[in-house]
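1. sequence first, then the predicted structure:
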Amino acid sequence: MAVVRIAALGTAAVCITGLLVMPDFACAQNKVVKPRSAAVKPPSAPMQKEINEQTRIYQSRGEQVPAEYVTDRSLLSYTITLLPDFDLSLAKLGPADRWLDIGAGQGRAVLDYYGERFDAMHAEGREQRGSKARAVALSIEDRRTAEWQQIAVTLEPGKIEYRFGKRLREYAPEELGRFKLATDVYGGFSYTANLSLFMEQVLAMLDVNGSFYTVLIDVNPEDWPQRPATPRAPFQTGIISAAGAEVKVCSWLKRIRCAEASCEVDTRSATPIERYRVKKTCENTAVPALESTHFVAGTPPARQFQLMEPAAAP
Ligand SMILES: C[S@@+](CC[C@H](N)C(=O)[O-])C[C@H]1O[C@@H](n2cnc3c(N)ncnc32)[C@H](O)[C@@H]1O
């Protein structure tokens, strides 16, 4: 028994070490599994240093948590941040549906959904909503609060789940199941060094006709009315083609097979913020692959990617 426990602890330690030193290392059920995409190169030493620093931010506690690392946004804040139709999409979910919040932090938005205030603000769909959808809050690090524990025990079993300990792409598809709605408010979509693998995983977990709502800050939007006349510093998240030309995040999302992407700049902000909805339209999704070329730890990190052009047919 003791030997089995030591062996299990050993594998877990290998997993944690692997996560720290190799971003494409993956652990499932405490087993070391191979990276999903053979195309991903191991990070250079300087990039690895930044990835380690990012891990330190995730694991920070108390006074060590950087002030800009916000983990307690309310559902109201999600509603204001995401595209306006997110609110209705959530309100329309019924008890047979599932909602995944990726990069949930403390999971406050999920808790707010089950509160009376949500029903008071969405009176019209109340009957159809019934006891509401089941929700999964996902975070790399465990930021559950006493409030989460208190509310979880008052809800019917299985209504809310908090999953932590690994990144989205490290879950096998059957581990989390399928979702009608997925959200990401300054979570994995803003923080991952592997944006295309992240999107592949989101789409694999969505039902057909399900939608993913997310946002990026400091990105070159498809349409930007306040665009400055003079050149500015590189955007926090950027993509270039193999030939070095800029590829906007919106146009990359629009190239995904079996998906429809909508992009809208948030005109309330001087820093360009773009909000996205990606709706899965059929099962056979394919995300144009991106390679990480630059990653500097932060809240969120600065990231540059290169679009990998598909190999020419022989
Ligand atoms: C800044 S917090 C945002 C929390 C919450 N959405 C909010 O607005 O309060 C970032 C969250 O994203 C999570 N995260 C970052 N990268 C992730 C990934 N690849 N997969 C899953 N979660 C991720 C972190 O663990 C953390 O929970």
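-> That came through, no problem.

2. ok, residue 133 - contacts?
-> 93, 94, 95, 96, 97, 98, 99, 180, 181 (C-beta atoms under 8 Å, 6 or more residues apart in numbering). To be clear about C-beta, it is placed using only N, CA and C from the backbone, and glycine gets the same treatment.

3. 7 Å instead?
-> Shown here is residue 133, whose contacts under the criterion C-beta atoms under 7 Å, 6 or more residues apart in numbering are 93, 94, 95, 97, 98, 99.

4. now intersect those with the helices, please.
-> Using DSSP state H, no member of those falls in helices.

5. can you give me the helices in the chain?
-> 2-21, 45-59, 75-81, 85-91, 108-113, 116-121, 126-129, 146-154, 173-176, 188-191, 195-205, 249-254.

6. how about those, which one is nearest residue 293?
-> helix 45-59 (8.9 Å; C-beta to C-beta).

7. pick out whichever of the contacts of residue 133 sits closest to the ligand.
-> Minimum distance to the ligand across these is 13.2 Å, recorded for residue 99 (C-beta to the nearest ligand atom).

8. residues in contact with the closest one?
-> 90, 93, 133, 135, 179, 181.

9. just the buried ones from the residues you listed?
-> Buried members of the contacts of residue 99, scored by 16 or more other C-beta atoms under 10 Å, are 90, 93, 133, 135, 179, 181.

10. just curious, which of these is nearest to the ligand?
-> When the buried ones among the contacts of residue 99 are compared against the ligand (criterion: C-beta to the nearest ligand atom), the nearest one is residue 135, at 13.0 Å.

11. neighbours around the nearest residue to residue 41 once chain neighbours are set aside, how many?
-> Among residues not flanking residue 41 along the chain, residue 291 sits closest, at 6.8 Å (C-beta to C-beta, 6 or more residues apart in numbering). Neighbour count of residue 291, defined by other C-beta atoms under 10 Å: 16.

12. residue contacts, residue 291?
-> Residue 291 makes contact with 41, 305, 306, 308 under the criterion C-beta under 7 Å, 6+ apart.

13. need the residues you listed in TSV (columns: neighbour count and pLDDT).
-> Formatted as TSV, the contacts of residue 291 follow (neighbours: other C-beta atoms under 10 Å; pLDDT from 0 to 100):
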residue	neighbour count	pLDDT
41	10	75
305	23	98
306	18	97
308	14	95
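
14. and the furthest pair within the buried ones among the contacts of residue 99?
-> Among these, 90 and 179 lie farthest apart (C-beta to C-beta), at 11.9 Å.

15. mind checking how far residue 189 is from the ligand?
-> Using C-beta to the nearest ligand atom, to the nearest Å, residue 189 is found at 8 Å from the ligand.

16. read off the pLDDT value for that residue.
-> Turning to residue 189, the model gives it a pLDDT of 98.

17. excluding chain neighbours, what is closest to it?
-> Per C-beta to C-beta, 6+ apart, closest to residue 189 is residue 214, 4.5 Å.

18. give the contact list for the spatially closest residue to residue 113 that is not a sequence neighbour.
-> The shortest distance from residue 113 to any non-neighbouring residue, by C-beta to C-beta, 6+ apart, is to residue 75 (5.7 Å). The contact partners of residue 75, by C-beta under 7 Å, 6+ apart, come to 109, 112, 113, 118.

19. which ones are touching the residue sitting nearest the centre point of the chain?
-> When C-alpha atoms, centre = their mean is applied to the chain, the residue found nearest the centroid is residue 188 (3.1 Å). Going by C-beta under 7 Å, 6+ apart, residue 188 touches 102, 103, 167, 168, 198.

20. same thing with residue 208?
-> Shown in contact with residue 208 (C-beta under 7 Å, 6+ apart): 280, 281, 282, 283.

21. so which of the residues you listed are in strands?
-> Filtering the contacts of residue 208 for membership in strands, criterion DSSP state E, returns residue 280.

22. coming back round to it: would you list the contacts of residue 291 in TSV and tack on distance to residue 129?
-> Below are those laid out as TSV (distance: C-beta to C-beta, whole Å):
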residue	distance to residue 129
41	46
305	39
306	44
308	43
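
23. check those and tell me the two furthest apart.
-> Going by C-beta to C-beta, the two entries of the contacts of residue 291 that are most distant from one another are 41 and 305, at 12.5 Å.
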